[in-house]
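Asker: model this:
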Amino acid sequence: MLQWLDNLKGMNDRQLQDFAKQQGLELSIEEVQKLQKILKHANISWALTGVPKEVLKKIQKLLGDRRYKKLMKLVGL
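Answerer: Numbers count the residues shown, from 1 in each chain. All right, here's what the predicted structure looks like:
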């Protein structure tokens, strides 16, 4: 999870799209931008307390069930 959060903050849209693809998750540039917007307030405490449920619901709505489950598996949730 921490790697994904670091990448969200440190990569441009295309780089993040490529990173996701390397992990087996296809995302459009628009989805990358929306995901970044959803997670812009992410912080290290989420590693201890968990990602807030409302954030997870927004991500699931954006990605759909199949890709949401894939992302959760990739980030260890």
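
Asker: from Lys37, how far out is Gln17?
Answerer: 15 Å (C-beta to C-beta, to the nearest Å). All C-beta spots, glycine's among them, are computed from the backbone N, C-alpha and C.

Asker: the more surrounded of these two?
Answerer: Neighbour totals were compared for Gln17 and Lys37, and Gln17 leads with 19 against 11 (other C-beta atoms under 10 Å).

Asker: show me where the protein dips below the pLDDT cut-off.
Answerer: 1-6 (pLDDT under 70).

Asker: quick one, longest helix in it?
Answerer: helix 53-75 (DSSP state H).

Asker: what comes up buried for that helix?
Answerer: Under the neighbour-count criterion of 16 or more other C-beta atoms under 10 Å, helix 53-75 has Leu56, Lys58, Ile59, Leu62, Leu63, Arg67, Tyr68, Lys70, Leu71, Met72 buried.

Asker: what's that helix packed up against?
Answerer: helix 29-38 (3 or more C-beta pairs under 8 Å, 6 or more residues apart in numbering; DSSP states H and E).

Asker: alpha carbons only: can I get the helix it packs on in CSV?
Answerer: C-alpha atoms of helix 29-38 as CSV (Å, rounded to 0.1, in the frame of the first residue of the first chain):
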residue,chain,number,x,y,z
ILE,A,29,-5.5,8.4,-17.8
GLU,A,30,-8.9,9.7,-16.7
GLU,A,31,-9.2,7.0,-14.1
VAL,A,32,-5.7,7.7,-12.9
GLN,A,33,-6.6,11.4,-12.5
LYS,A,34,-9.8,10.5,-10.6
LEU,A,35,-8.0,8.0,-8.4
GLN,A,36,-5.3,10.7,-7.6
LYS,A,37,-8.1,13.1,-6.6
ILE,A,38,-9.8,10.5,-4.4
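
Asker: now it against helix 53-75, angle please.
Answerer: With axes from the mean of the first three to the mean of the last three C-alpha atoms, to 10 degrees defining the directions, helix 29-38 sits at 120 degrees from helix 53-75.
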